[in-house]
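Student: based on what follows, work out the 3D shape:
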Amino acid sequence: MLEYSRFQYFIILIVVLLSTLYALPNVFPQDPSVQITANRGFQVNETLQQRIEADLKKAGIAPKAVELEKDGELLVRLTDVIEQGKANDVLRESLGNDYVVALNLASTVPDWLGAIGARRMLMGLDLQGGVHFLMQVDKKAALDKRFDAYAEDLRVLLRDKRVRYESVERRADNSIVATLAPGVDADAALGLVMQALPNLTSEVADNTIVVRVPEKEIQQITTDAIEQNVGTLRNRINELGVAEPIIQRQGSDRVVVQLPGVQDTAQAKRILGATATLEYRGVIEGNPYDAVASGNVPPEAKVYYRKEIGADGKPIPILLNKRVIASGEQLVNARSGYDSRSGTPMVSVTLNGIGGQRMFDFTSENVGKPMAVVYIERIPEVKVVDGQEVRTTRTSEQVISVATIQGVFGKEFQTTGLDSPKEAADLALLLRAGALAAPMDFVEERIVGPSLGKENVSRGLTAVLYSFGFALAFFLVYYRMFGLITCVALLINLLMVVAVMSFLGATLTLPGLAGIALTVGMSVDANVLINERVREELRAGLPPKAAIAGGYQHASGTIVDANLTALLAGVALFAFGTGPVKGFAVSLIAGIITSMYTAVSVSRGIATLIYGRRRKLKSVAI
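Tutor: Residues are numbered from 1 along each chain as shown. Prediction:
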């Protein structure tokens with residue numbers, strides 16, 4: 001019979017309410033904005049806010065609002081992209097290199113929606129405009145760097161274990177050969193090497209030890225290098241203040257960087273192309289404030305500044321030893337976690353042989369004393385002087401961590417004394433992403449203007465609306481009351497697709513709009529199957545209620561089978577596709593899942609609500 005439980009109606013109601021709630025943020029437009037972030041030694045405060053307001057007023061620009069954000073940034077909201085560009089030029093000239101000025105799109109979604117995780121659907125580069133880079137990783141350089149590290153580890157091992165050797169060198173086939181001194185027990189030395197380097201394959205040939213890197217390890221090295229570079233790029237792009245950048249691998253050695261809303265290709269290239277490194281230095285006792293004020297700095301020390309801001313509103317100075325213990329060039333890995341003894345957040349660091357030996361020598365003599373980690377970034381800048389471009393380099397140095405040496409350690413150690421797991425994770429990211437694991441070249445760059453994005457959005461939405469409108473008109477005319485039921489189910493389906501993509505943080509691209517349009521068509525197919533099956537049951541002489549129940553029951557299996565095959569195709573596109581193909585796949589997968597639910601469950605619930613309560617149902621408008 002034609003029945004539907006209250007529990008099923010309750011589920012439909014909850015689904016519709018949640019879909020409406022999470023699709024609602026897309027109604028609120030975004031404000032073209034300019035975002036200001038302070039460089040080291042400067043801060044964003046009310047004084048800066050007043051200065052910016054005065055500069056904009058002087059330039060004849062009337063912003064919608066100038067707001068101080070909780071995360072230490074200042075946001076200037078403008079009325080349109082033209083005003084945004086003017087304000088960006090004015091503020092860059094006014095603030096210079098003291099602050100990072102970047103284009104952005106500010107959300108107008110109410111805070112209560114953000115508190116429950118509701119957010120706008122992200123717009124891709126083709127819809128919003130911005131810059132697109134294709135960067136290629138030099139895999140050979142990454143392998144050379146790791147092979148050199150293995151060779152150095154082998155030298156240090158033999159030296160520490162007092163195994164006499166004549167040379168340790170790399171060969172053209174990427175093997176590392178250690179030639180032992182006459183009279184040395186090669187088998188005993190091989191045992192030491194295999195114990196110290198278990199992930200490599202080692203063997204004895206005459207009086208030499210040959211160490212080879214397995215193919216699996218080589219693949220892991222290149223994969224780690226690309227992933228580290230992606231992390232480095234992501235960390236640097238944060239300086240641009242770009243809303244939801246897209247950074248993803250393409251193929252085996254390329255990385256795609258898309259910065260929606262950014263129109264300044266030069267600034268983006270400067271940030272992405274900057275080189276960075278790390279240094280570990282000992283802390284010199286003394287009063288750094290007096291040293292800064294008097295200029296009387298101890299001969300073995302140099303003044304640095306910590307990332308924290310002091311009570312006077314300025315970065316806190318600290319005296320560090322001029323001698324570098326180890327640098328980022330010796331860094332192999334860094335992972336965040338918890339100290340097993342104290343349970344506090346920590347970062348586990350691994351250095352290569354050279355760095356490990358230097359760290360061992362230093363910590364042996366300085367237990368209980370502090371050691372600092374200095375983050376150094378060299379940023380290329382381009383200035384126009386007398387009509388010509390002059391390229392210079394600005395060096396930014398900042399102490400990101402100061403920790404007390406708890407005991408003697410070498411190539412592996414822990415950095416403790418961190419305030420929170422987030423700080424530990426951030427520090428590990430800085431350590432890993434301080435420098436690119438391998439050089440990267442700009443293979444391709446292009447800019448997409450906002451006018452093109454606006455046109456794409458308009459055309460894409462028009463296509464979706466027309467396809468939806470044609471489907472509704474056909475169903476209303478051809479299936480009458482069941483056509484109305486189908487139209488309601490299609491509307492709920494479209495609402496659910498938008499809600500799901502917004503909740504998951506999926507990026508909507510132009511192919512994604514095509515996927516939504518295709519979903520509408522596939523949902524129409526499912527409803528056609530149901531409606532035609534109901535007609536067949538009526539022609540067979542079944543009572544109207546039995547015909548409706550039978551139509552849904554018999555068509556449901558076919559609908560599920562057909563949609564599952566399409567779903568598998570969407571999963572394959574997402575797994576193996578890149579860029580626009582992934583965008584199409586995401587919207588297709590979301591649409592297939594929601595269309596199956598609305599066609600089989602929601603439309604049946606509506607039909608039961610209309611016809612199920614009638615005791616004597618003589619005919620059905622279909």
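Student: every contact and neighbour count from this point should use C-alpha atoms.
Tutor: OK.
Student: mind listing what A489 touches?
Tutor: The contact partners of A489, by CA atoms under 8 Å, 6 or more residues apart in numbering, come to T598, A599, V602, S603.
Student: could you identify the helix or strand that succeeds the lengthiest helix in the chain?
Tutor: Across the chain, the longest stretch assigned as helix under DSSP state H is helix 450-504. Note on helix 450-504: by DSSP states H and E, the next helix or strand toward the C-terminus is strand 507-508.
Student: what packs against the next helix or strand after that following strand?
Tutor: Using DSSP H and E, the next helix or strand after strand 507-508 towards the C-terminus is helix 510-539. With contacts taken as 3 or more CA pairs under 8 Å, 6 or more residues apart in numbering; DSSP states H and E, helix 510-539 sits against helix 450-504, helix 544-576, helix 580-597.
Student: using a markdown table, lay out the contacts of A489 together with neighbour count and pLDDT.
Tutor: Output for these, formatted as a markdown table (neighbours: other CA atoms under 10 Å; pLDDT from 0 to 100):
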| residue | neighbour count | pLDDT |
| --- | --- | --- |
| T598 | 25 | 89 |
| A599 | 28 | 86 |
| V602 | 27 | 89 |
| S603 | 24 | 88 |
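Student: mark which of the residues you listed are part of helices, please.
Tutor: Using DSSP H, the contacts of A489 in helices are S603.
Student: going by distance to R146, which of the contacts of A489 wins?
Tutor: Using CA to CA, the shortest approach to R146 within the contacts of A489 belongs to T598, at 54.3 Å.
Student: that closest one: what's its closest spatial neighbour, skipping adjacent residues?
Tutor: Nearest non-adjacent residue to T598, counting by CA to CA, 6 or more residues apart in numbering: A489, 5.6 Å away.
Student: closest one of the contacts of A489 to R162?
Tutor: T598 (74.2 Å).
Student: tell me the contacts of V297?
Tutor: Counting by CA under 8 Å, 6+ apart, V297 makes contact with A291, V303.
Student: apply 6 Å and report the result again.
Tutor: Listed by CA atoms under 6 Å, 6 or more residues apart in numbering, the contact partners of V297 are A291.
Student: and which of the contacts of A489 is nearest G410?
Tutor: Lowest distance from G410 to the contacts of A489 (CA to CA) belongs to T598, with 61.6 Å.
Student: on that earlier part again, quick check: the residue nearest to T598 vs I12, distance?
Tutor: Relative to I12, A489 is positioned 11 Å away (CA to CA, to the nearest Å).
Student: ok, back up a step: let me have the helices and strands packed on helix 510-539 in a markdown table, adding distance to P299 and mean pLDDT as columns.
Tutor: Compiled in a markdown table, the helices and strands packed on helix 510-539 are given as follows (distance: least, CA to CA, whole Å; pLDDT from 0 to 100):
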| stretch | distance to P299 | mean pLDDT |
| --- | --- | --- |
| helix 450-504 | 55 | 80 |
| helix 544-576 | 59 | 86 |
| helix 580-597 | 58 | 85 |
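Student: of all those helices, which one comes closest to F360?
Tutor: helix 544-576 (45.8 Å).
Student: flag every buried residue along the closest one.
Tutor: 544-545, 547-553, 555-556, 559-560, 563, 566-567, 570-571, 573-574 (16 or more other CA atoms under 10 Å).
Student: send me stretch 361-373 as PDB with only the CA atoms.
Tutor: C-alpha atoms of stretch 361-373 as PDB (Å, rounded to 0.1, in the frame of the first residue of the first chain):
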ATOM      1  CA  ASP A 361      79.200  19.100  20.400                       C
ATOM      2  CA  PHE A 362      77.200  22.200  21.300                       C
ATOM      3  CA  THR A 363      74.700  20.500  23.600                       C
ATOM      4  CA  SER A 364      77.400  18.600  25.400                       C
ATOM      5  CA  GLU A 365      78.800  21.900  26.600                       C
ATOM      6  CA  ASN A 366      75.500  23.800  27.100                       C
ATOM      7  CA  VAL A 367      73.000  21.600  29.000                       C
ATOM      8  CA  GLY A 368      70.400  23.800  30.800                       C
ATOM      9  CA  LYS A 369      71.000  26.800  28.500                       C
ATOM     10  CA  PRO A 370      68.600  28.200  25.900                       C
ATOM     11  CA  MET A 371      69.000  27.700  22.200                       C
ATOM     12  CA  ALA A 372      67.100  29.600  19.500                       C
ATOM     13  CA  VAL A 373      65.700  28.800  16.000                       C
END
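Student: can you list contacts of that stretch?
Tutor: Contacts for stretch 361-373 (CA under 6 Å, 6+ apart): 279-283, 399-408.
Student: check stretch 507-519 too.
Tutor: L122, M123, G124, G460, V464, P580, G583, F584, S587, L588, G591.
Student: same thing but 8 Å
Tutor: Contact partners of stretch 507-519, identified using CA under 8 Å, 6+ apart, comprise 121-127, 456-457, 460-461, 463-464, 467-468, 497, 501, 580-581, 583-588, 591-592, 595.
Student: now A473: how far from V620?
Tutor: Distance of A473 to V620, given as CA to CA: 19 Å.
Student: neighbour count winner among these two?
Tutor: Neighbour totals were compared for A473 and V620, and V620 leads with 17 against 13 (other CA atoms under 10 Å).
Student: helix/strand/coil for that one?
Tutor: coil (DSSP: H, G, I helix; E, B strand; the rest coil).
Student: also Q258?
Tutor: strand.
Student: was I right about it contacting P245?
Tutor: Yes: taking CA atoms under 8 Å as the definition, Q258 is a contact partner of P245 at 5.9 Å.
Student: show me where the stretch 251-400 of the chain has helices.
Tutor: 265-272, 288-294, 353-365 (DSSP state H, counting those that start in this stretch).
Student: would you list the ones you listed in TSV and tack on distance to Y150 and mean neighbour count?
Tutor: Below are the helices of the stretch 251-400 of the chain laid out as TSV (distance: least, CA to CA, whole Å; neighbours: other CA atoms under 10 Å):
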stretch	distance to Y150	mean neighbour count
helix 265-272	29	17
helix 288-294	40	14
helix 353-365	8	18
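Student: out of those, which gets nearest to L154?
Tutor: helix 353-365 (8.1 Å).
Student: from the chain's centre, how far out does that closest one sit?
Tutor: Computed by CA atoms, centre = their mean, to the nearest Å, the chain-centroid distance of helix 353-365 equals 35 Å.
Student: stretch 106-121 too?
Tutor: Stretch 106-121 sits 19 Å away from the centroid of its parent chain (CA atoms, centre = their mean).
Student: thinking again about what came up before, more neighbours: Q258 and P245, which one.
Tutor: It is Q258, of Q258 and P245, that has more neighbours when counted by other CA under 10 Å, with 25 against 21.
Student: how many neighbours does the residue nearest to A181 when sequence neighbours are not counted have?
Tutor: Nearest residue to A181 in three dimensions, chain neighbours excluded: Y165, at 4.6 Å (CA to CA, 6+ apart). The local packing of Y165 (other CA under 10 Å) involves 17 other residues.
Student: could you measure from Y165 over to E308?
Tutor: Taking CA to CA as the measure, Y165 and E308 are separated by 49 Å.
Student: domain map for the protein?
Tutor: Listed domain ranges for the chain are 6-25+449-611, 31-106, 140-218, 277-435 (source: automatic domain parsing).
Student: those into CSV, with extra columns for distance to A225?
Tutor: Converted to CSV, the domains of the chain look like this (distance: least, CA to CA, whole Å):
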stretch, distance to A225
domain 6-25+449-611, 20
domain 31-106, 28
domain 140-218, 6
domain 277-435, 10
